[in-house]
Structures are given as C-alpha cells and as structure tokens.
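**Student:** sequence below, structure please.
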Amino acid sequence: MKQALIKLHIAVFLAGFTGVLGALIKLNEGLLVWYRLILTVATLFVLLSWKRKITKISTASVLKLFGIGTLIALHWVCFYGSIKMSNVSIGLICFSSVGLFTAVLEPVFTNKKFSWAEVGLGLISLLGIYLIFHFDTRYRAGILVGIAAALLAALFSVLNKRHVYMAAPQTLMLYELSGGLLVITLLIPVYLHYIPTNYVLPTLSDWAWLLVLSWLCTVLGMNLMLQSLQKVSAFTQNLTLNLEPVYGILLAFIIFKENEQLDSSFYFGFALIAFSVVLQMLRVMRRKRV
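**Tutor:** Here you go, the predicted model:
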C-alpha cells in the first residue's frame, strides 16, 4: 500500500502541470486533446512493440477498453475547455468535485459498499466549488464545464477499476487511449464545424509543450496511476487527485499571476477542498492501523 500511495502522489504531482500546459498551448481544447492522443498512442505503441509487451486480449475486452478510453478523452476536452473558458486555477479547482461523483458511482458499478463518510467529504469539496461559483460570476461557464470534466473522470476511474487486472498498465493505456483517439478523430470535423478556429497546426513551442504533456504527464503519469489503482480504491485515488490543484494553482500563480485575478471566495473554497483531502488521508491511515 505504501508504494502504491507514493506512485499515486508522483502521478498527482505530474498531473498538476497539465493545467498550466493547457494554458501554454494555444490550440483549442479539441485539437489539443487530439494531438496529445496522437503523440501518446504513437509513443506507447513504439515502446511496447520494441519491448514486445503488447498483450493480446479478446475483442470484447478491447471494445470495453475503447469505451473507457473515450471517457478519458472527453474528460480532457472538458478539462481544457474549462481552463480556456476561465483560467488554470478555476479549471483545476472544479476537478475536486470528482470525489463526490466517485463516492456515488463506485458502489453502483463495483462491489464497494456505499459510504456516507465519502459522500460527506465529496460534498465538502462541492461546497468549496459552490462558494466560488456563487460569489465570482465571471467564471460560471468554465466552472460548469469543469464539473462535467470531473464527472467524466470519476466514471473513467470507477470503470477502469473493474478492468485494471486485465493486462499490464501500459497495455491498458495503449488500448484505452487508442479508443479515445479513434473517437476524437471521428468527432474533430464536427467539433471544428461548430467551434471553428484558424489555429489548427501547433507552433514549435506548442509541439514542445505537447511532448511534455504526452511523455511525462500522460505516459509516465497514467502508468503510475494505473499501478496505484491496483492497490487503492478509486475514491482514495480521486480524492488524492484533489491535491492536483495545489501544484497547478501554485504554478499558475507564478507563471500567469492568476492570484491577481481571484477574489476571497476562491481561497475559502480552496481551503474547504484541502480540508476534505486531509480528512480522507486521515481516514485511510487510521483504517490501516486498525
């Protein structure tokens, strides 16, 4: 369990950079995710083919993994859409509602018992988001899209938990993200029709940030996340992911000076979310002692 928690926290640390990278990359959210998936899937395929570690699984299993990968791809589109509609800090803070969604969804899709304590902790995070939503009307559209991103992330983690033992983590990633790439590729023409942009090809700096996003934050980060999920519950994973805003927001403050754009309601909301994370970690530690 200790190693799983260490891997989980390293993955969360890497995830903290994704919001900042989303703001640095000038592509819109749909194209950003599409290029990210192309680079990630190509990298995984080359690495696993070279090491001869691609595990063959049944067609039915592949289709299930494709569906799960579609959820994470759509989550990324909503996540980066939230950032581009508001800012990095708001997009990251909305992700904290994933704990509440997981607490409700996990008992539905797995054998895990319903926990009022977990729902209560998730509600504390949601209250923190509500404080920002209610008192700072500038970011409401970004907050709503951010909450949709959290719902998709929770569904992804819960369903992924059911299939995490199907193959090695990197093989799971390859199948899942290939499914996400296929669906996003099919949707891109429709997406660009309704949300047109003149900025379709990445610049040199965009390519550099996309490589960081693909290789470090996606390939390495998701591999560590999948390994940790073999030992910890989806709820513990997702609530720990609430630490992601800590790293991302600090970077956004330093790089983009976002602390000058946010009012006191943001800090009150952030404090509540941090409090819920601390309480969950104390619950996990106490349970292990018992």
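**Student:** from here on, contacts and neighbour counts on C-alpha atoms
**Tutor:** Fine.
**Student:** where does pLDDT dip in the stretch 101-250 of the chain?
**Tutor:** 135, 234-235, 237-239, 241-242 (pLDDT under 70).
**Student:** just the helices in it please.
**Tutor:** Counting by DSSP state H, counting those that start in this stretch, the stretch 101-250 of the chain has helices at residues 116-135, 140-163, 169-194, 204-212, 221-229, 234-240, 244-256.
**Student:** next, format those as TSV and append distance to Ser96 and mean neighbour count.
**Tutor:** Below are the helices of the stretch 101-250 of the chain laid out as TSV (distance: least, CA to CA, whole Å; neighbours: other CA atoms under 10 Å):
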stretch	distance to Ser96	mean neighbour count
helix 116-135	6	20
helix 140-163	7	22
helix 169-194	23	19
helix 204-212	24	16
helix 221-229	17	22
helix 234-240	7	25
helix 244-256	8	20
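**Student:** for Val41, which of those helices is the nearest?
**Tutor:** Nearest to Val41, of all the helices of the stretch 101-250 of the chain, is helix 169-194, at 6.1 Å by CA to CA.
**Student:** tell me what the closest one is packed against?
**Tutor:** With contacts taken as 3 or more CA pairs under 8 Å, 6 or more residues apart in numbering; DSSP states H and E, helix 169-194 sits against helix 29-51, helix 59-85, helix 221-229.
**Student:** could you check how far it is from the centre of its chain?
**Tutor:** 15 Å (CA atoms, centre = their mean, to the nearest Å).
**Student:** how much does it deviate in direction from helix 221-229?
**Tutor:** 130 degrees (axes from the mean of the first three to the mean of the last three CA atoms, to 10 degrees).
**Student:** and Phe109, which of the helices and strands packed on helix 169-194 is closest to it?
**Tutor:** Of those, nearest to Phe109 by CA to CA is helix 59-85, at 13.3 Å.
**Student:** pull out the buried positions in that closest one.
**Tutor:** Neighbour-count burial for helix 59-85, counted by 16 or more other CA atoms under 10 Å, picks out 62, 64-85.
**Student:** stretch 263-271 too?
**Tutor:** 265-266, 269-270.
**Student:** columns pLDDT, secondary structure and distance to Gln227 on top of those residues, output as a markdown table?
**Tutor:** Below are the buried residues of stretch 263-271 laid out as a markdown table (pLDDT from 0 to 100; DSSP: H, G, I helix; E, B strand; the rest coil; distance: CA to CA, whole Å):
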| residue | pLDDT | secondary structure | distance to Gln227 |
| --- | --- | --- | --- |
| Ser265 | 83 | helix | 36 |
| Phe266 | 84 | helix | 33 |
| Gly269 | 84 | helix | 31 |
| Phe270 | 80 | helix | 29 |
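**Student:** can I get the residues you listed in CSV including distance to Leu192?
**Tutor:** Formatted as CSV, these follow (distance: CA to CA, whole Å):
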residue, distance to Leu192
Ser265, 35
Phe266, 33
Gly269, 35
Phe270, 34
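**Student:** which two among the residues you listed are spaced furthest apart?
**Tutor:** Ser265 and Phe270 (8.5 Å).
**Student:** skipping adjacent residues, who's closest to Ser89 in space?
**Tutor:** Ile249 (5.1 Å; CA to CA, 6 or more residues apart in numbering).
**Student:** and the closest residue to Cys78 other than its chain neighbours, how far from Ser233?
**Tutor:** In space, and not counting its chain neighbours, Cys78 is closest to Ala149: 5.0 Å by CA to CA, 6+ apart. For Ala149, the distance to Ser233 equals 20 Å [CA to CA, to the nearest Å].
**Student:** what is the nearest of the buried residues of stretch 263-271 to Pro202?
**Tutor:** For the buried residues of stretch 263-271, the nearest to Pro202 is Phe266 (32.6 Å; CA to CA).
**Student:** what's near enough to touch the closest residue to that closest one other than its chain neighbours?
**Tutor:** Closest residue to Phe266 apart from its sequence neighbours, by CA to CA, 6+ apart: Ile132 at 5.2 Å. Residues near Ile132 by CA atoms under 8 Å, 6 or more residues apart in numbering: 265-266, 269.
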